[in-house]
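Asker: just need the structure, nothing else, for what follows:
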Amino acid sequence: MNKRIRLLAAVLALCIALTLGLCGCTPKTESRKENAPAREGVSTYGAGENVAPDGTPFETVYVPGIIEFDRSLGAICQFKTSPNGLYAYDDLAETLYEFDPAGHCLKEWDADWDDFNALSGGASDGWRIEMHENKEDYYNQSIDYRVLYVQDGQESEVMNFRDEHGTTGLVGGEDFFLLYHVWWDESNTGHFVLESYSRDAELLHSQELSEWMEIYRTDTGIYFLGRDSYDIFRYDPASFSLNKVDSVPDGCRTCGIAGDTLYLTDNIYLYRHKLGSGESEALFRYDRLFLNDTAAPVPIGGTDSFFFRDYSNWSSPYRVAYPVDKNSLPAEKTIITLAINEVIPEQAIRGYGSYHDQITDFNTVNREYEIVVRNYAESPDPFLALSADMAGGNSPDLIDVRGFGSAICSTATAEDLLPYVERDLGTDAFLPGPLAAMETGGKLLSLIPSFSLTAILGPASLLEGQRIESFSELAALAGGAEHVFYHSVDREAFMKWVFAGNHRDYSAEQVADYLTFAAALPEDATQNPYGLTEQELKESLEHGDVFPLDYGPICEGQQLFELAGIADPLGRTELQDAASIPEAEGWFGRRLSAIGLPGAKGSGVYLSPDQELMMPSAAQHKEGAWAFLAFLLNDRYLVTPFSGGFRYGIPLTRSAYEREIGQYWAWMDGKLSGSINGADYELAYDADNCKALFLSLLDQVDGICRDGDEIFDAVMTTANAYFAGDKPLEQAADDIAKRLKIYNAERG
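Answerer: Okay, here's the model as predicted:
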């Protein structure tokens, strides 16, 4: 095998896959135009009236939708038409699926690329080719092939051979099969040989083709597309000839062939072209349906619908365009306005910000409402600008609370969502503890789809069975306030935890306890115990080489506590960073227990919103706003694709939580592993204890802790006066307690 062939072997393997109909997207490029009309010389699908069987006139138009497959598909997945819907090949899992048009799996089986390419319309039955690369000698590589026939689940070998030049693909017929050999010689001349075999592997005919071909197997025959000429040929098994039936129009590329119909695109419109007819129909335009223009559509077998893969949407990448009667659609959608305060990169798609996927999906499937974004990020004072709009009759229908602070969300400004929840979803659909904690005065002022928790963790031998009424008691138990949080929590972080919640009705004695404890904490927490520069620490954290807290003394056996943020019990990215309870138990090397905020009303376990939306009481389209809020609670937005865990934090819905939490504990199997500064570690933890501890914290959650709380600023002003020695402890505590009572009364 010559050097050029050796270097191209891997590329040729992929090209053969494409040649045999993997996606059939050989481009003949044409620039995309914003207002481009359908190509000249074609008719527009549905332009005239059609008549239904009952005689009713209608006009057919295409609308977008979402396919949710009932199998988890990997990121490397290819699709093509099947007689019953779609074939999908997951390259990482080496699994082949056949789905019906609704995404329900009809069959699945272990497979490789060649199985996918050789699909002959009979699901797992039919022809299959296996390959084994011989790579021992770099200068003399070859590939061994086996051709198999599968019937009723039983496979039999029909032939085997070695290809020493290039690569070989297979396509099967009813009682014959074709082998297609591709290679380049020393002078860089391509050779493309098509061999026809009988069912028993008798060579019937061999011919060298004049150009590289793509091959399509349909229920009406086998078609070849020239990659240079763009001519389309139909294979005649009787004469072994390729008979020209059509050509791809200039500026188009093929999306697939179903039956005797060719589907084409110019990256603006999708066209339907009956082979040999000389005319194409423009079915729909991509951008008018919010469909991705980087991936060609795939016809869905047995329907008039088309499958897309949207690479800009991580939540719902699998899309469909399907025909409906135009009369069944509303004349126009009602616009629902979502207010955000978020700096969005210029290259971001449509400027939807952090709710991009959810808004795109909602606008895709909802026929009555459409979400638009009003971004206050460029206002000198976003909070003031939004407040003015709400008071002046220009209120948005929804507000992203995170961008404006919790002061925007009060009984005076927010619609109570609880009646909507009870009417349409029922409170049983949510985790009971967190849902109750989100209520203020019996009202649900905002929806928090996902959140994190905060609690104090410590060795069970010290905490279990004890009722700790104050931080003074906790400090004494730990041997000093400085040993409760060590260097990981500074004074302001602790004060936020205490005073930035929605349930804060503390006595002056409790406030004094918190202030005394806070005074013993450092003004700035030590987050860099490794002696690294700021850039080195940043890079180490990004690579997971270090932790932002100093675990050294813990490993040395000192009795320390940590403020543990139990966010993402399944992790946003890496499962080993998933849950703080197992991690802390592993570091302590003993069973842990947890307490909330000592002396607080209830348990003092707060949740922090990772997402939070409110509906203003002045909203004009409340039913539409609620439709979007309910839409956000779909598990696709709360659970990471491919069983990777919770997407943002702990989900509010029972279904998303229960769907993944069991898989997390099974995957962890009582062990944590990782590395710090190049040193590998493996830590064991008590799985049953950690499960029970996590569940107890979910049940005990008592309130919300938010950023941007105006009462917190007032508290800190008074507290800082005490820390600086300008105000006595008793006076500072009394002032803060009175201010909290006024604040709570104002909010109802």
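
Asker: what about the strands in the stretch 451-600 of the chain?
Answerer: 562-565, 592-595 (DSSP state E, counting those that start in this stretch).

Asker: where is the longest helix in the chain?
Answerer: The longest helix of the chain (DSSP state H) is helix 729-747.

Asker: if we can go back for a sec, by mean pLDDT, show me the worst of the strands of the stretch 451-600 of the chain.
Answerer: For the strands of the stretch 451-600 of the chain, the stretch scoring lowest in mean pLDDT is strand 562-565; its value is a mean of 51.

Asker: in which helix or strand does Glu155 reside?
Answerer: strand 154-163 (DSSP states H and E).

Asker: quick one: buried residues of that strand?
Answerer: Going by neighbour count (16 or more other Cβ atoms under 10 Å), the buried part of strand 154-163 is Val158, Met159, Asp163. The way it works is simple: take the backbone N, C-alpha and C, and place the C-beta from them, glycine included.

Asker: that one - what's its average pLDDT?
Answerer: Mean predicted confidence for strand 154-163 is 90.

Asker: report the residue ranges of every domain in this protein.
Answerer: As assigned by automatic domain parsing, the chain contains the domains 3-28+41-328, 450-610+638-747.

Asker: what residues does stretch 696-708 touch?
Answerer: For stretch 696-708, contacts defined as Cβ atoms under 8 Å, 6 or more residues apart in numbering pick out 401-402, 404-407, 431-434, 437-438, 448, 453-455, 496-497, 500-504, 566, 594, 596, 600-609, 612, 650.

Asker: separation between the nearest residue to Asn744 once chain neighbours are set aside and Ile448?
Answerer: Spatially, and ignoring its direct neighbours in sequence, Asn744 is nearest to Asp505 (5.7 Å; Cβ to Cβ, 6 or more residues apart in numbering). Distance check for Asp505 against Ile448: by Cβ to Cβ, to the nearest Å, it reads 21 Å.

Asker: who's more crowded, these two?
Answerer: Ile448 (23 against 13; other Cβ atoms under 10 Å).

Asker: how close does that one get to Leu477?
Answerer: Ile448 is 33 Å from Leu477, by Cβ to Cβ.

Asker: about what we covered before: what comes into contact with the longest helix of the chain?
Answerer: Here helix 729-747 has contacts from 410-411, 440-441, 499, 504-512, 515-516, 711, 714-715, 718-719, 721-722, 727, using Cβ under 8 Å, 6+ apart.

Asker: can you list the buried residues in it?
Answerer: Ala732, Ala733, Asp734, Asp735, Ile736, Ala737, Arg739, Leu740, Tyr743, Asn744, Arg747.

Asker: let's have those in JSON lines, adding distance to Asn363.
Answerer: Shown next, in JSON lines, are the buried residues of helix 729-747 (distance: Cβ to Cβ, whole Å):
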{"residue": "Ala732", "distance to Asn363": "51"}
{"residue": "Ala733", "distance to Asn363": "52"}
{"residue": "Asp734", "distance to Asn363": "53"}
{"residue": "Asp735", "distance to Asn363": "50"}
{"residue": "Ile736", "distance to Asn363": "46"}
{"residue": "Ala737", "distance to Asn363": "48"}
{"residue": "Arg739", "distance to Asn363": "44"}
{"residue": "Leu740", "distance to Asn363": "43"}
{"residue": "Tyr743", "distance to Asn363": "39"}
{"residue": "Asn744", "distance to Asn363": "40"}
{"residue": "Arg747", "distance to Asn363": "34"}
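
Asker: and the residues you listed as JSON lines, adding pLDDT?
Answerer: JSON lines is the format used below for those (pLDDT from 0 to 100):
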{"residue": "Ala732", "pLDDT": "97"}
{"residue": "Ala733", "pLDDT": "96"}
{"residue": "Asp734", "pLDDT": "97"}
{"residue": "Asp735", "pLDDT": "96"}
{"residue": "Ile736", "pLDDT": "95"}
{"residue": "Ala737", "pLDDT": "94"}
{"residue": "Arg739", "pLDDT": "91"}
{"residue": "Leu740", "pLDDT": "89"}
{"residue": "Tyr743", "pLDDT": "80"}
{"residue": "Asn744", "pLDDT": "76"}
{"residue": "Arg747", "pLDDT": "65"}
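
Asker: and of those, the nearest to Gly392?
Answerer: Ranked by distance to Gly392 (Cβ to Cβ), these are led by Arg747 at 22.9 Å.

Asker: next one: Tyr149 from Leu170, what distance?
Answerer: In terms of Cβ to Cβ, Tyr149 sits 11 Å off from Leu170.

Asker: do you have the strands of the stretch 301-450 of the chain handy? List them.
Answerer: Using DSSP E, counting those that start in this stretch, strands in the stretch 301-450 of the chain cover 306-309, 318-325, 334-340, 369-375, 398-400, 439-440, 443-444, 450-459.

Asker: which pLDDT value goes with Leu12?
Answerer: Leu12 is given a pLDDT of 34.

Asker: so what's the gap between whichever helix or strand Trp665 is part of and the chain middle?
Answerer: Trp665 is part of helix 654-668, with elements assigned from DSSP H and E. Remark: helix 654-668 is offset 17 Å from the chain centroid, using Cα atoms, centre = their mean, to the nearest Å.

Asker: of all the residues in that helix, which ones are buried?
Answerer: Ala656, Tyr657, Arg659, Glu660, Ile661, Tyr664, Trp665, Met668.

Asker: which one of those residues sits closest to Ser82?
Answerer: Looking across those and measuring by Cβ to Cβ, the closest to Ser82 is Arg659, at 28.2 Å.

Asker: quick one, what contacts the closest one?
Answerer: Asp635, Val639.

Asker: look up how far Val193 lies from it.
Answerer: For Arg659 relative to Val193 (Cβ to Cβ), the value is 51 Å.

Asker: check Ala745 too.
Answerer: Ala745 sits at a distance of 87 Å from Val193 (criterion: Cβ to Cβ).

Asker: excluding its backbone neighbours, what's nearest Tyr263?
Answerer: Cys255 (4.2 Å).

Asker: I'd say that neighbour and Pro297 touch.
Answerer: Yes. In terms of Cβ atoms under 8 Å, Cys255 counts as a neighbour of Pro297; the distance is 5.3 Å.
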